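**Student:** Okay, here's the prediction I keep looking at, along with the sequence it came from:
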Amino acid sequence: MHNGMAKPLDLSAMENCVCFNLRWVTRAVTQFFDAELRRHGLRTTQTPILAALAAKSGLGMAELSDWLGMERTTLVRNLRPLERAGLVAISGTGRGGRVTVGLTVRGRKTLAKSMPAWRAAQRNVVKTLGPQRWSAILADLERAALTLAQ
């Protein structure tokens with residue numbers, strides 16, 4: 001524009017964009033869960049890793065990333081601070097050898113202490129959406145993910 005005024009940003013094309021809207025909601029929910037878990041020194045992205053390792057310790061890196069549906073590089077990025085904090089132990093060579101990840105005693109205690117905060121966040125979000133509605137949304141999202149992954 002010649003008058004020096006910036007053209008207003010038009011996001012109308014994004015109003016119905018599935019990706020834009022899902023990412024926007026995901027950021028808001030992530031920030032909500034992070035606020036609840038922060039006092040335990042955990043992030044929302046780390047909690048499922050600890051829970052998976054609590055359910056089955058000694059998982060291989062590939063098995064863990066598959067189970068969580070997480071890219072290997074994202075998993076490694078999330079494991080580093082957990083390892084530094086002494087919550088997980090990583091063993092193995094990585095170069096052709098099997099790398100395994102396990103929960104430490106400290107990791108088990110931290111997960112146990114953080115679960116009430118996680119449950120409270122979960123209850124609040126489900127209450128906001130409505131339990132039946134959340135079940136339907138979850139089923140729809142799962143169906144979409146499975147269909148799009150083919």
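**Tutor:** Received it, and whenever you're ready, just let me know what you need. Since the model is a prediction, treat every value here as computed from it, not as a measurement. Numbers count the residues shown, from 1 in each chain.
**Student:** remind me which residues of the chain are low pLDDT?
**Tutor:** 1-5, 11, 93-97 (pLDDT under 70).
**Student:** Show me which residues of the helix or strand encompassing residue 79 are buried.
**Tutor:** Counting by DSSP states H and E, the element that carries residue 79 is helix 72-84. Residues of helix 72-84 classed as buried: 75, 76, 78, 79, 82 (neighbour count, 16 or more other Cβ atoms under 10 Å). Yep, even glycine has a C-beta here, placed from its N, CA and C like the rest.
**Student:** And stretch 26-45, by the same measure?
**Tutor:** Residues 33, 36, 37, 40, 42, 43, 44, 45 are the ones in stretch 26-45 that count as buried (16+ other Cβ under 10 Å).
**Student:** any idea which helix or strand carries the first one?
**Tutor:** Mapping residue 33 onto the secondary structure by DSSP H and E places it in helix 18-37.
**Student:** What of residue 98?
**Tutor:** Here residue 98 is assigned to no helix or strand, by DSSP H and E.
**Student:** same deal with the one 3 residues further on?
**Tutor:** Counting by DSSP H and E, the element that carries residue 101 is strand 100-103.
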